[in-house]
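Visitor: This is a predicted model, with the sequence first.
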Amino acid sequence: MSQGLINAIQSTQPSSIARRDFLKFSAVLSSTAAGGLLLGIQYVQAGGKSNAAKNAMQRPYLEDQANTILSPNAFIEINAAGNVTLVMAKVEMGQGVYTSIPMLIAEELEVDLKQVSLRHAPPNDKLYGDPMLGAQITGGSTSIRAMWEPMRQAGAICRNLLITAAANQWKVDAADCVATNGQVKHRSSNKSAGYGELALAASKLTVPKEVKLKTPEQFTIIGKPLHRLDTPDKANGLAEFGLDAKIANMHYAVIAVCPVFGGKLMSVDDSRAMASPDVIKVLTIDNAVAVVAKHTWAAKRGLDALTIEWDEGKNNTVSTQDLVNDLKKAAKKKGAVATNEGDFNKAFKQANKTFEASYEQPFLAHATMEPMNCTVHVTKNGCEVWVGTQVPTFAQKTAAAVLGIAPEKVKLHNYLVGGGFGRRLETDNIKIAVSFAKQMTVPIKFVWTREEDIQHDMYRPYYFDTLKAGLNQKGLPVAWSHRIVGSSIMARFAPDSVKNGVDADAVEVAKEPPYTLPNLYVDYVRQEPRGLPTAFWRGVGATRGTFVVESFIDELAHLARQDPLQYRLALLDKTPRLKNVVQLVAEKASWSNAKQSAKGKGISAMFAFGSYLGTVVDVSINAEHEVKVNKVVCVVDCGIVVNPDTVKAQIEGGIVFGLTAVLHDEITIKNGRVEQNNYNDYRMMRINETPVIEVHIVQSAEAPGGIGEPGTAAVGAALTNAIFAATGQRIRKLPVGNQLKKG
Amino acid sequence: MKQLTINEKTYDIDVQGDTPLLWVIRDIVGLTGTKFGCGIAQCGACTVHLDGKPVRSCVLPVSSITEQKITTIEAIGEQASGKKVQQAWLDVEVMQCGYCQSGQIMSAAALIRDNPNPTDADIDVAMAGNICRCGTYTRIRQAIKQAAKEKV
């Protein structure tokens, strides 16, 4: 997620953390000085807080219990037995935050990770808002970037209180006391006391305003490839995702939304469904039907027995081609200017050689393995919602808005997320589920079939990009223009962020390419896809932008008859960390031998999410003109690394996610309906097609960068550049699909 | 009324015969480790063992089950191959979101029980029916090889 998006969400969520508090956070984030910032907005009074049981993370957050005696901030609770519970402000969706954030706290709190229990944070922007995003959002690869300092501060403040409590008790100098492994020790006398013994006394102390954080040389936890805390229960079936919520007396429902976007329900004949075994009720809302039954299959069987008439509305003739034509027509308009440096037109006219190319990237579904779902119980006094969401406070507000009640009346139970990728930044599932559930008095689990999930996703927009460049006699760019045409997600998600018509996400990477490009002009034309809802998708603007910029620079290198690696290096002096990873990945992938040994190598360079990636993809093409991806090598410089194994895992998985889409996937529209149904026609990469993936991490003391999305964003162009190297065929329209066969 | 043996326990189940085993396990018996992913045997998230053989429970009508014993992720650790696979999954840190991993582990446990020395090609055949959207495949391959080497 871009800095633009970050600013955007801050400024457009007035009901979340107050502006003043952002500034406090921002100030701390941008400086290394330790401050008392957490206390300004996140102070929770000691005493009376909960003592979450072991394995609490499997469950929604627990009711308050009376055993916690020390809780100097909203993230740490210690009881008299010395049990430490860490409250997770971020949502675990596979990216490893339920380990990396505990590592940050434990580093300063001086506890072993084996000693801590975890608990999902309840919805509360003020206590648990992301300092970069301004609300309780897990997304945009911000978790470590935003929480790096506040979480260590939270741990250090608590440690400081425990040491002071011990020193007071022993009547010794606090400077002679040290915290280690859940205990405070007095060096001179060898006295020691566990955190549990000290918690009550510590809770009565004034919380310090200044705490000193460790320097990197002092780290004993940060930087180690520690095992994850969330995985043991994911190996034995005990981990609970939203779809696994178990509520007493719960019914199950399966839904059908009007297949044409924007259409409504006209009529439904439920006589056969009501006669179907175990069906309890058929519910309707303006654009959908739900069958409620004793179990999911009975509901599905009932749904199949309905006769539904839809009022399809005005979009029922729309096809993908219509939407693409809209984009191409819009591309002739002048856009909102994102960058204008030098004089593009003049430099382009005077150039030695010019080149122009357009690129198309399709609509994409998220296709998380856990289909969309939501369990709701509407009662006289409010509502309970059980769901895995990336946006707990938005989820709460969505349910409240449907019911016309205050958000506090909605009790949200968050769960482990069975794949987010941007899909669970949206709360459309909650809106639908609550709209149905309010018609009944029992808890109901709403399950989206895979078909419903794919056909009623909120899609990565279709983008149409056109670039022009003028080259000098050496073949280097002296003029560069880039027009992006597509849906504005920000205009819906954070409307106030769109300044002068520029959607910061849509122009990500394009707006500020890492290369030296004199006479740079970038503009954006918004064109919405007639009723089709759009949303963020893993890698967000960087996935779109990197594919285009890294394809075009590759085209220019070939036009200039230069090696694509050397061409990039010649233009990367202004981004030295990127230049470094590109040089390193070339070495690791034996790029210099590419001409002799393997024709099919492609490269990409990316700076996004605060991280620098050099990626080389090696492909071969078989006799049936199918692409086989043999190997991907990626060098990443993401600054200070909290858990190197998680960084590797995220890059590996991100690469597979990116390759899957670029090779295979597109959502297409016919008669206003999504044509794809399930994993049979919305294809996922499988183990037999997965390449060897090598990830190398650059040692760095710079501020941490994001890691959940960069692998996905960086790999696409490296793949299509490799296909060009292997075949001479330039892929300008995704997915690759069977284009090589036609060619 | 039908009797099913799941993880060595017997359950009396009262559902229509066309009901897929998946929904009986999840909604009626209440074991939610077995996951719903696609409903058409394309993704493998619902994999359970039927007399030791991996099957996609989302397309298996309960009426087709007679005497066979059903094993789910919750009990696979009681078998040597399942225990080895679960441990290797943790050692290698295969899991990300984890939603598909019950199914991956069930497929892998059957593979290494029957084939103590699986080749890459064997792994491809046994595991290609299991989708992982997080893309953990390289680690799945590594973990299977590690588990296969472990002595009981």
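Guide: Yep, that arrived. Keep in mind the model is a prediction, meaning the values are calculated, not measured.

Visitor: alpha carbons only for contacts and neighbour counts from here, please
Guide: Will do.

Visitor: What pLDDT is listed against residue 5?
Guide: Let's take chain A. With respect to pLDDT, residue A:5 has a value of 29.

Visitor: right idea, wrong chain: chain B
Guide: Looking at residue B:5, its pLDDT stands at 98.

Visitor: That one in helix, strand or coil?
Guide: Following DSSP: H, G, I helix; E, B strand; the rest coil, we place residue B:5 in the strand state.

Visitor: what about it, neighbour count?
Guide: The tally of other residues near residue B:5 (other CA atoms under 10 Å in any protein chain shown) stands at 16.

Visitor: cool, residue A:120 as well?
Guide: Using other CA under 10 Å: residue A:120 sits among 24 other residues.

Visitor: Quick check: it touching residue A:415?
Guide: Yes: Residue A:120 is within contact range of residue A:415, at 7.5 Å (criterion: CA atoms under 8 Å).

Visitor: In space, what's closest to the residue of the stretch 151-300 of chain A found nearest chain B - neighbours in sequence excluded?
Guide: Using CA to the nearest CA, the single residue of the stretch 151-300 of chain A nearest to chain B is residue A:237, 3.8 Å away. The spatially closest residue to residue A:237, leaving aside those adjacent along the chain, is residue B:33, at 3.8 Å (CA to CA, 6 or more residues apart in numbering or on different chains).

Visitor: Enumerate every residue touching the one you found.
Guide: Applying CA atoms under 8 Å, 6 or more residues apart in numbering or on different chains, we find residue B:33 in contact with A:236, A:237, A:238, A:239, A:240, B:26, B:72, B:73, B:74, B:102.

Visitor: and it, how far is that from residue B:81?
Guide: Residue B:33 sits 18 Å away from residue B:81, going by CA to CA, to the nearest Å.

Visitor: in its sheet, what does the strand or helix carrying residue A:634 sit against?
Guide: Assessed by DSSP states H and E, residue A:634 sits inside strand A:627-637. Using DSSP bridges, the strands paired with strand A:627-637 are strand A:611-621 (antiparallel), strand A:692-697 (parallel).

Visitor: CA atoms of the first one as CSV?
Guide: In other words, strand A:611-621. Output in CSV follows, covering the C-alpha atoms of strand A:611-621 (Å, rounded to 0.1, in the frame of the first residue of the first chain):
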residue,chain,number,x,y,z
SER,A,611,11.4,-2.9,0.4
TYR,A,612,13.7,-3.4,-2.5
LEU,A,613,13.5,-6.6,-4.6
GLY,A,614,15.5,-7.9,-7.5
THR,A,615,13.9,-10.9,-9.1
VAL,A,616,15.1,-13.3,-11.9
VAL,A,617,12.7,-15.8,-13.4
ASP,A,618,13.9,-18.7,-15.6
VAL,A,619,11.4,-20.3,-18.0
SER,A,620,11.4,-22.8,-20.8
ILE,A,621,8.7,-23.3,-23.4
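
Visitor: buried stuff in that strand?
Guide: Buried residues in strand A:611-621, counted by 16 or more other CA atoms under 10 Å in any protein chain shown: A:611, A:612, A:613, A:614, A:615, A:616, A:617, A:618, A:619, A:620.

Visitor: Contacts for the strand holding residue A:634 next, please.
Guide: Strand A:627-637 is contacted from outside by A:577, A:581-582, A:584-585, A:588-589, A:611-622, A:689-700, A:723, using CA under 8 Å, 6+ apart.

Visitor: Neighbours of residue 69, how many?
Guide: No chain was given, so I picked chain A. Using other CA under 10 Å, residue A:69 has 27 neighbouring residues.

Visitor: please go with chain B instead
Guide: When neighbours are counted by other CA under 10 Å, residue B:69 comes out with 18.

Visitor: Run through the residues that contact it.
Guide: B:4, B:5, B:6, B:7, B:8, B:49, B:50, B:51, B:52.

Visitor: what's the closest non-adjacent residue to residue A:532?
Guide: Here the nearest residue to residue A:532 in space, its sequence neighbours aside, is residue A:261; by CA to CA, 6+ apart that works out to 6.1 Å.

Visitor: Can you pull the phi and psi angles for the one you found?
Guide: Backbone torsions of residue A:261, given as degrees, to the nearest 10, read phi -60, psi 130.

Visitor: doesn't residue A:529 make contact with it?
Guide: No: in this structure, residue A:261 is not within contact of residue A:529 by CA under 8 Å, at 10.6 Å.

Visitor: More neighbours: the two, which one.
Guide: residue A:261 (23 against 20).

Visitor: any idea how far that one lies from residue A:530?
Guide: Separation of residue A:261 from residue A:530 (CA to CA): 9 Å.

Visitor: what do the two both touch?
Guide: When contacts are counted by CA under 8 Å, 6+ apart, the set common to residue A:261 and residue A:530 consists of residue A:315.

Visitor: now, among the contacts of residue B:33, which is nearest to residue A:312?
Guide: Closest approach between the contacts of residue B:33 and residue A:312, by CA to CA: residue B:26, at 35.3 Å.

Visitor: contacting residues around that closest one?
Guide: By CA under 8 Å, 6+ apart, the contact set of residue B:26 is B:32, B:33, B:34.

Visitor: For my notes, please list these in CSV and give pLDDT and secondary structure for each entry.
Guide: What follows is those, written out as CSV (pLDDT from 0 to 100; DSSP: H, G, I helix; E, B strand; the rest coil):
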residue, pLDDT, secondary structure
B:32, 98, coil
B:33, 98, coil
B:34, 98, coil
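
Visitor: just the residues you listed now: which is nearest chain A?
Guide: Of all those, chain A sits closest to residue B:33, with 3.8 Å by CA to the nearest CA.

Visitor: Great, nothing more from me.
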